[in-house]
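Trainee: Got a sequence here, can you model it:
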Amino acid sequence: MLGSPVLVGAITLLVAIVAVFLSYNANSGLPFVPTYDLKAQFDNSANLVIGNDVRIGGQRIGAVSEIDPVPGEGDEPPTAVVEMKLEKTVDPLPVDSTMIIRPRSALGLKYIEINPGDSDEGFAAGDTIPAAQAKPEPVEIDQVFNVFDAKTRRGGQRSLDAFGTALSGRGADINEAIVDLGPLLFYLEPVASNLADPQTELARLFQALGRAAAEVAPVAETQAQLFVNLDTTFTALASVARPFLQESISRSPAAEQAAIEGFPQQRPFLRNTTGLFRELKPGVAVLPTTTPVLADALEIGTDTLAKTPAFNEDLADVFRALEDFATDPLVPRGIQRLGDTVEALRPTVHFITPAQTVCNYMTLWFRNISSLLSVGDANGTWQRFIILATPLGPNNEGGPSAAPANGGGPNPRANYLHSNAYPNTAAPGQTRECEAGNEVFKVGQQVIGNVPGNQGTETEGQVGGTG
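Mentor: Below is the predicted model of the structure:
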């Protein structure tokens with residue numbers, strides 16, 4: 001009874017159904033697994049979605065099962081109540097525990113982090129953690145970016161532009177000036193002492209400057225016009241001096257300090273973003289060809305998912321029967337025998353797997369069987385076939401023969417047996433080729449067994465194989 005193929009097939013089908021059901025419902029928790037359910041109140045759910053993780057110390061201990069908005073009473077703002085399904089190992093969670101909604105990635109994925117407290121008293125299942133224990137307040141990435149508001153960005157741009165204009169092309173000179181500044185200050189002290197000494201007659205310098213000014217007196221009008229033009233220039237600047245130039249100057253230190261502190265913090269984000277887009281590049285490259293397929297899959301999946309609630313309801317009786325089946329004391333013996341069967345089938349499956357994964361033969365067989373039985377009328381369907389007459393001659397394939405056909409007869413070039421009962425299908429130990437259906441027909445030559453040479457792995461619907 002336990003070795004019956006029908007029983008083994010039925011058990012295999014049930015196991016497959018269980019696996020599909022568990023995979024489909026994994027986000028909302030596995031069936032028959034007890035949970036410790038709590039609720040948490042937040043002032044803002046911060047883009048949480050159902051299925052997001054709940055973690056303690058980085059370890060996943062549950063998931064978000066429901067998010068409900070709660071309108072505020074009176075002038076109070078609305079809040080969000082999040083229902084969580086936690087592992088029983090967390091029960092009971094101390095009542096002084098805190099929680100925070102944190103980003104899991106830069107793309108917006110979130111999770112709830114719980115920091116257990118030290119209280120001996122714990123929350124009972126179904127209790128609600130108040131919003132007062134949702135601390136510290138999370139900082140979103142858009143709040144970080146809001147530090148650089150319009151005025152700060154505008155002031156920084158103008159400052160950088162002015163600094164760039166002032167220092168453009170003078171890098172080498174600035175470097176030399178810094179290098180020479182040390183010796184300058186060293187020698188400046190004795191020079192200043194000499195200038196202060198009465199014996200230097202510094203007053204005569206100013207007298208000489210007076211005489212020099214007299215010499216330039218003829219061009220005084222030109223110099224006066226220079227100052228007039230400077231006045232025009234500074235008058236134009238005065239119109240933007242307050243508040244723009246003033247704010248640029250006054251806020252530049254704070255902006256530069258914020259940049260000094262913020263840019264190092266952004267390096268991991270930029271580095272991880274670079275790695276992310278580098279890994280996404282191969283997938284993005286194939287999107288032009290795969291997008292139509294994905295669109296068709298989503299369109300078909302929409303109709304399919306709409307039918308799954310009714311399907312799940314129909315599965316209720318199946319899983320009740322499955323529960324009865326699982327509690328049957330004879331089931332473990334059957335599973336053990338099933339394990340023995342799987343182990344015995346392992347070499348066979350390993351041998352025949354390349355026939356599909358490399359040569360696509362199984363898919364083609366089902367396609368051809370469907371095509372074979374697809375023609376019919378109101379009374380039924382019939383098979384489509386054609387009779388190929390065998391060539392005449394000694395030992396021809398049209399009747400019993402004493403030996404394989406090997407020439408002779410009215411058409412000696414055709415009366416040759418071509419038979420390959422076990423063609424190569426890229427199985428272990430065979431030549432890696434998809435020989436069935438791809439053999440070269442040797443005219444005027446008897447061929448029994450594999451055709452010489454490698455016929456390749458190209459079959460209809462699958463070029464080059466995947467194995």
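
Trainee: just the strands in the protein please.
Mentor: 36-42, 53-56, 59-70, 79-86, 98-103, 110-115, 128-129, 375-377, 380-382, 418-419, 447-448 (DSSP state E).

Trainee: Just want the angle from the fifth one to strand 110-115.
Mentor: Using axes from the mean of the first three to the mean of the last three Cα atoms, to 10 degrees, the direction of strand 98-103 lies 150 degrees away from that of strand 110-115.

Trainee: Let me see the mean pLDDT of strand 98-103.
Mentor: Strand 98-103 carries an average pLDDT of 86.

Trainee: what residues does that strand touch?
Mentor: Contacts of strand 98-103 from elsewhere in the structure, counted by Cβ atoms under 8 Å, 6 or more residues apart in numbering, are 40, 42, 45-46, 48, 109-115, 117, 129, 133-136, 138, 140-141. For every residue, glycine as well, the C-beta is placed using N, CA and C.

Trainee: Also the last one?
Mentor: Residues outside strand 447-448 that contact it (Cβ under 8 Å, 6+ apart) are 404, 416-420, 439.

Trainee: Paired strands for it, with orientation please.
Mentor: The strands beside strand 447-448 in its sheet (DSSP bridges) come out as strand 418-419 (parallel).

Trainee: Measure how far the partner strand is from the centre of its chain, please.
Mentor: A distance of 52 Å separates the centroid of the chain from that of strand 418-419, by Cα atoms, centre = their mean, to the nearest Å.

Trainee: With stretch 107-121 instead?
Mentor: Relative to its parent chain, stretch 107-121 has a centroid offset of 25 Å by Cα atoms, centre = their mean.

Trainee: Give me the mean pLDDT for it.
Mentor: Stretch 107-121 shows an average pLDDT of 85 in the prediction.

Trainee: From one end of that stretch to the other, what's the distance?
Mentor: End-to-end distance for stretch 107-121: 38 Å, by Cα to Cα, to the nearest Å.

Trainee: picking that back up, and the contacts of strand 98-103, which of them are buried?
Mentor: Among those, those scoring as buried are 40, 42, 45-46, 48, 110-114, 129, 133-134, 138 (criterion: 16 or more other Cβ atoms under 10 Å).

Trainee: Relative to residue 135, how far out is the residue nearest to residue 46 when sequence neighbours are not counted?
Mentor: Nearest-residue entry for residue 46: residue 101, 4.5 Å, with adjacent residues in sequence omitted and distances by Cβ to Cβ, 6 or more residues apart in numbering. Going from residue 101 to residue 135 by Cβ to Cβ, to the nearest Å gives 11 Å.

Trainee: what do you get for residue 258?
Mentor: 25 Å.

Trainee: and what of residue 43?
Mentor: 11 Å.

Trainee: rewinding a little: which one of the strands of the chain lies nearest to residue 292?
Mentor: Evaluated with Cβ to Cβ, the strands of the chain place strand 375-377 nearest to residue 292, the distance being 31.1 Å.

Trainee: where in the stretch 351-467 of the chain is pLDDT low?
Mentor: 373-376, 380-386, 462-467 (pLDDT under 70).

Trainee: Could you rerun that using 80?
Mentor: Counting by pLDDT under 80, the stretch 351-467 of the chain shows low-confidence ranges at 368-389, 397-398, 411-413, 461-467.

Trainee: Equivalent analysis for the stretch 51-200 of the chain, please.
Mentor: Scanning the stretch 51-200 of the chain for pLDDT under 80 picks out the ranges 72-75, 104-108, 136-148, 166-171, 184-185, 195-196, 200.

Trainee: do that again at 90, thanks
Mentor: By pLDDT under 90, the weakly predicted segments of the stretch 51-200 of the chain are 51-93, 95, 97, 99-115, 117-200.

Trainee: what's the domain layout of the chain?
Mentor: According to automatic domain parsing, the chain comprises the domains 34-140, 150-282, 353-467.

Trainee: Now do the end-to-end distance for the second one.
Mentor: With Cα to Cα as the measure, the first residue of domain 150-282 is 37 Å from its last.

Trainee: Check the offset of it from the chain's centre.
Mentor: Domain 150-282 has its average C-alpha position 48 Å from the chain's average C-alpha position, going by Cα atoms, centre = their mean.

Trainee: Residue 132 versus residue 80, what's the distance?
Mentor: Taking Cβ to Cβ as the measure, residue 80 falls 15 Å from residue 132.

Trainee: between those two, who's got more neighbours?
Mentor: residue 80 (18 against 9; other Cβ atoms under 10 Å).

Trainee: quick one: contacts for the closest residue to that one other than its chain neighbours?
Mentor: Distances taken as Cβ to Cβ, 6+ apart place residue 45 nearest to residue 80, at 3.9 Å, with adjacent residues excluded. Listed by Cβ under 8 Å, 6+ apart, the contact set of residue 45 reads 67, 80, 82, 101.

Trainee: try 7 Å
Mentor: Neighbouring residues of residue 45 by Cβ atoms under 7 Å, 6 or more residues apart in numbering: 67, 80, 82.

Trainee: Could you pull up phi and psi at it?
Mentor: Main-chain dihedrals, residue 45, degrees, to the nearest 10: phi -70, psi -10.

Trainee: roughly how far apart are it and residue 70?
Mentor: Distance of residue 45 to residue 70, given as Cβ to Cβ: 11 Å.

Trainee: cool, residue 110 as well?
Mentor: From residue 110 across to residue 70, the span is 19 Å (Cβ to Cβ).

Trainee: next one: residue 345
Mentor: According to Cβ to Cβ, residue 345 and residue 70 sit 56 Å apart.

Trainee: swap in residue 231?
Mentor: Distance, residue 231 to residue 70, using Cβ to Cβ: 66 Å.

Trainee: where do the helices sit along the stretch 51-200 of the chain?
Mentor: Taking DSSP state H, counting those that start in this stretch as the test, the helices found in the stretch 51-200 of the chain are 141-145, 150-167, 171-196.

Trainee: Let me have those helices in CSV, extended by distance to residue 335.
Mentor: What follows is the helices of the stretch 51-200 of the chain, written out as CSV (distance: least, Cβ to Cβ, whole Å):
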stretch, distance to residue 335
helix 141-145, 50
helix 150-167, 67
helix 171-196, 78
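
Trainee: Need the winner for burial among the ones you listed.
Mentor: Most buried of the helices of the stretch 51-200 of the chain by mean neighbour count (mean count of other Cβ atoms under 10 Å) is helix 150-167; its value is a mean of 13.

Trainee: and that helix, what does it pack onto?
Mentor: Secondary-structure packing of helix 150-167 (3 or more Cβ pairs under 7 Å, 6 or more residues apart in numbering; DSSP states H and E): helix 246-285.

Trainee: and the helix it packs on, what other elements does it pack with?
Mentor: On a contact count with 3+ Cβ pairs under 7 Å, 6+ apart, helix 246-285 meets helix 150-167.
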